[in-house]
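> any chance you can model this:
(2 chains)
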Amino acid sequence: MAEAARVNETDRIKVKPNISRGDRIFDIVNMTLIAVSVLICIFPFIHVLSISLSSSRPIMSGEVTLFPKEFTIEAYVKVFSDPSMIRSLGFTVILTAVFTLFCMAMTIAAAYPLSKSNLKGRGFFMVVIIITMFFSGGIIPEYILVRNLHLLDTMWALILPGLISPFYLIIMISFFKGIPDSLEEAAEIDGSSHFRTLLRIILPLSMPVIATLSLFYAVGRWNGFMDTLMYINSPELYPLQLKLYQLIQNNMATELMRNEVAGTANMMPESLKAASVIFATVPILIVYPWLQRYFVSGVMLGAVKG
Amino acid sequence: MKTSTYLRRYWQLYFLLILPLAYFAIFKYGPMYGVQIAFKDFNFFQGINGSEWIGWDGFREVFQNQDFYRTLRNTLMLNILDLIVSFPAPLILAIMLYEVKALWFKKLSQTILYIPHFISWVIIGGIVYQVFGTQSGFINNLWVSMGFQPIPFLTDPNYWLITYLLTGVWQSAGWGTILYLAALTGINKELYEAAEVDGATRMRRIWHITLPGLRPTIITLLIINLGNMVTIGFERPYVIGNVAVQEYSDVLSTFVYRIGLESGQYTLATVVGLFQAVVGLIFVLGANFAAKKTTGEGIL
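Predicted coordinates:
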C-alpha cells in the first residue's frame, strides 16, 4: 500500500516537475539575486565606460552613471594619439608574446623528462623544484640578483625571473603522465628520438593543456605590475600596467589634495583617465570570452593535483 | 642497464632539463643564497659575499621598529577581515548557480562573474577611484544627491577598509565558485530526487545535501586560507592604498618594498622578507597538518 502510494507520487512529480509554488518562488528569487550579482560585477565597467565617453561638465557635476552624457569620443582620440600610450601597448604585446613563448618552451622542456617515472634522479629534481613553491628568497634578494645580472631596466628583467611556474609545471607533468606509454614505446621501437617523440607525438596530444597554460602565463604577464615597478625605469619600457598606474597615482594625489584645496591646476580630465582604464581593459575583455573554457579547465587541472 | 648505455639512451631527456634546472638554480636558489644579507650589512659595492657579517643585529632593529608591528598587524587584520567577508561569498554564489535550471542563464552569469578575476589590480585601482572617489565617485554622487555628506571611502582609514574588502569580494567571488561547482558535480543526483519525493523543500535540500557535499571543499579551502594568513599580495594594498590610509593599508609586502627599494635599507627589508617567508612556511605546514587531521588528506 505504502509502496503503491510512493510510486504514484513519483509519477506525479515526473509528469509535472516544478509544480510547487515554493519552488517557483525560489527560482525567481534565486535568479534575481544572481542577476543582481552579475550587474554588480559589470556595473563598474559600464560606469567607467560611460565616464570615458562623456564631456567634462556632466562628469564634474556627477550626472554620469550608466549612460554617457553629452557623448564624445574626444578622450579616446587623445589616448590613441598619445604615442607613449601606443608604444606602451605595443611593448606589452611583444613582452607578453615573448614571455609566453619562452615560458612554454621551458615548461615543456622540464615537464617531459620529469613525466617519465623511470628517469634516474627524477625524485631529486622534483624535490628541488617543489621546495621553491614553499620558500623563496624574497623580493630584495631577487632584486639584487636581477641587478647583479645587469638586467635592470631591460625587457629581460620582466621575462627571465618568471620563466617557469612550479604550479604550472606540475600541471604539465601530470598531463604528460596521462598520455598512454604505449604511444611513446611504439615511436621508440620505430627509432624515434626523444626529441622527435616529444614534438611529433606528445605535443600534438597536449594542445588543450598547452593552450591553458599559455593563457595563464600570458594573463599573468599582461596584468603583472610589481616587477615592472621594481625593475623598469625608462619610460619607453613602461608596460601598460605601469603606465596606467602613474595615471592612478595622479588620481590618488588629486583625491588627497581635494581634501585640502578644491580644484587643482593641471588635473587630467576624468574622461581621459577613464578612457585609459578602458584602453587597458579591452584587450583582456576581447580575448576572454573565447578562451574562458581554457581558463576554467586549467583550474580543474590544478585542483586535481594542486 | 649500465650507466653508459642508460645515458646513451636517455641523454636527450637530461639535455632537455639543463635550461630549466639552470633557471631554478639561478632565479630561485640564487635569491635563497642572497637571503644571507639579512645577517650582513649589505651594500652593492662589496656585494653579497664581501659585505660584513652583523649577526642578528638586523633582526633586533626590525623587532624594535614600530612600523614593523603595524604592518604585521595590518597584514593579519586585512587577511582575517578578507576571510570573513570574501570566503563565504563564492560558496553562496556557487550554491545559487547550482540551483539554476536555465542553462543559458547559468552560463551567461558565470561568464560575466569570472571577468573581474582577469582584471589587473592596477586597472581595478582605476575603477575603484571612479566608483568610490569622494568628489566625483559614483557612490558619493548618489549619496550626495540624496542629501548626505560625501563619504571619504579612499582617504579615511575605516572607510578605506570597506573599500578594500568590497573590492576583494568583487574581484574574487565569481572565480571562487569554480572549485565549489566542480565539487557539486560529484554529488549524487538521486539524493535530491529522493529528498524531493520525501517532500523536502529546496532550502532543506540545500541544507541537508548540497552543503554536506561541499564540506570537504570548504574545509580544505578554509585551511589553505588560514595557511596564507601572513602572506599578502603586494599589488592590492599598494594600488588601492594611499598615504592618508597608511595606518591600515601598510602591510608586510608594501613595507618590504618601501624600506628596501625606496629607502635602500636592503638588510632590514630582507629581514622582514625572511621573517614573512619563515612564518608563512610554518603556517602552511601547520595548515597541511590540520588538513591531514580533519580530511585525512594533505593539501600539499
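> who are the contact partners of the residue of the stretch 1-150 of chain B found nearest chain A?
Nearest residue of the stretch 1-150 of chain B to chain A, counting by CB to the nearest CB: B:P31, 2.7 Å away. Every residue, glycine included, has its C-beta placed from N, CA and C. By CB atoms under 8 Å, 6 or more residues apart in numbering or on different chains, the contact set of B:P31 is A:136-138, A:141-142, A:144-145.
> okay, and which of those residues map to helices?
The helices, defined by DSSP state H, take in A:141-142, A:144-145 from the contacts of B:P31.
> out of the contacts of B:P31, who's near chain B?
Taking CB under 8 Å from any CB of the partner chain, the overlap between these and the neighbourhood of chain B is A:136-138, A:141-142, A:144-145.
> and the two most separated of those residues?
For those, with distances taken as CB to CB, the pair at the greatest spread is A:S136 and A:I144 (13.6 Å).
> more neighbours: these two, which one.
A:I144 (22 against 19; other CB atoms under 10 Å in any protein chain shown).
> please look at the more buried one and B:N43 and confirm they touch.
No: A:I144 lies out of contact with B:N43 (CB atoms under 8 Å); the separation is 10.6 Å.
> any residues in contact with both of those two?
B:Y266.
> contacting residues for the residue of the stretch 201-306 of chain A found nearest chain B?
For the stretch 201-306 of chain A, the residue closest to chain B is A:N223, as judged by CB to the nearest CB, at 3.5 Å. For A:N223, the contact set (CB under 8 Å, 6+ apart) comprises A:241, A:284, B:118-122.
> so where's the stretch 151-300 of chain A shaky on pLDDT?
Residues of the stretch 151-300 of chain A meeting the criterion pLDDT under 70: A:251-252, A:254-268, A:299-300.
> where along it do the helices fall?
A:166-177, A:181-189, A:194-197, A:203-205, A:207-223, A:226-231, A:240-258, A:270-305 (DSSP state H, counting those that start in this stretch).
> tilt between the fifth one and helix A:270-305?
Our comparison of helix A:207-223 with helix A:270-305, counting by axes from the mean of the first three to the mean of the last three CA atoms, to 10 degrees, yields an angle of 140 degrees.
> using CSV, list the CA coordinates for helix A:207-223.
Presented in CSV, the C-alpha positions along helix A:207-223 are these (Å, rounded to 0.1, in the frame of the first residue of the first chain):
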residue,chain,number,x,y,z
MET,A,207,47.2,21.1,-27.1
PRO,A,208,44.4,21.7,-24.5
VAL,A,209,46.9,21.9,-21.6
ILE,A,210,49.3,24.0,-23.7
ALA,A,211,46.6,26.4,-24.6
THR,A,212,45.5,26.7,-20.9
LEU,A,213,49.0,27.2,-19.5
SER,A,214,50.0,29.7,-22.3
LEU,A,215,46.9,31.6,-21.3
PHE,A,216,47.8,31.6,-17.6
TYR,A,217,51.3,32.8,-18.4
ALA,A,218,50.1,35.4,-20.8
VAL,A,219,47.5,36.8,-18.5
GLY,A,220,50.0,36.9,-15.6
ARG,A,221,52.5,38.8,-17.7
TRP,A,222,49.8,41.2,-19.1
ASN,A,223,48.5,42.0,-15.6
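> quick check on B:G199: phi, psi?
phi 90, psi 20 (degrees, to the nearest 10).
> distance of it from B:R205?
11 Å (CB to CB, to the nearest Å).
> which of the ones in helices among the contacts of B:P31 are buried?
Buried by 16 or more other CB atoms under 10 Å in any protein chain shown: A:141-142, A:144-145, out of the ones in helices among the contacts of B:P31.
> of the ones in helices among the contacts of B:P31, which is the nearest to chain B?
A:P141 (3.1 Å).
> what's the closest non-adjacent residue to the closest one?
B:G34 (3.1 Å; CB to CB, 6 or more residues apart in numbering or on different chains).
> what mean pLDDT does the helix or strand encompassing that neighbour have?
Per DSSP states H and E, B:G34 falls inside helix B:30-34. For helix B:30-34, the mean pLDDT works out to 95.
> quick one: buried residues of that helix?
B:30-32, B:34.
> helix or strand right after it?
Toward the C-terminus from helix B:30-34 - assigned by DSSP H and E - lies strand B:40-41.
> what's around the residue of the stretch 201-300 of chain B found nearest chain A, how many residues?
Distances between the stretch 201-300 of chain B and chain A by CB to the nearest CB are smallest at B:G273, namely 3.0 Å. The number of residues packed near B:G273 is 26, by other CB under 10 Å.
> what does A:K78 give?
If we define neighbours as other CB under 10 Å, then A:K78 has 16 of them.
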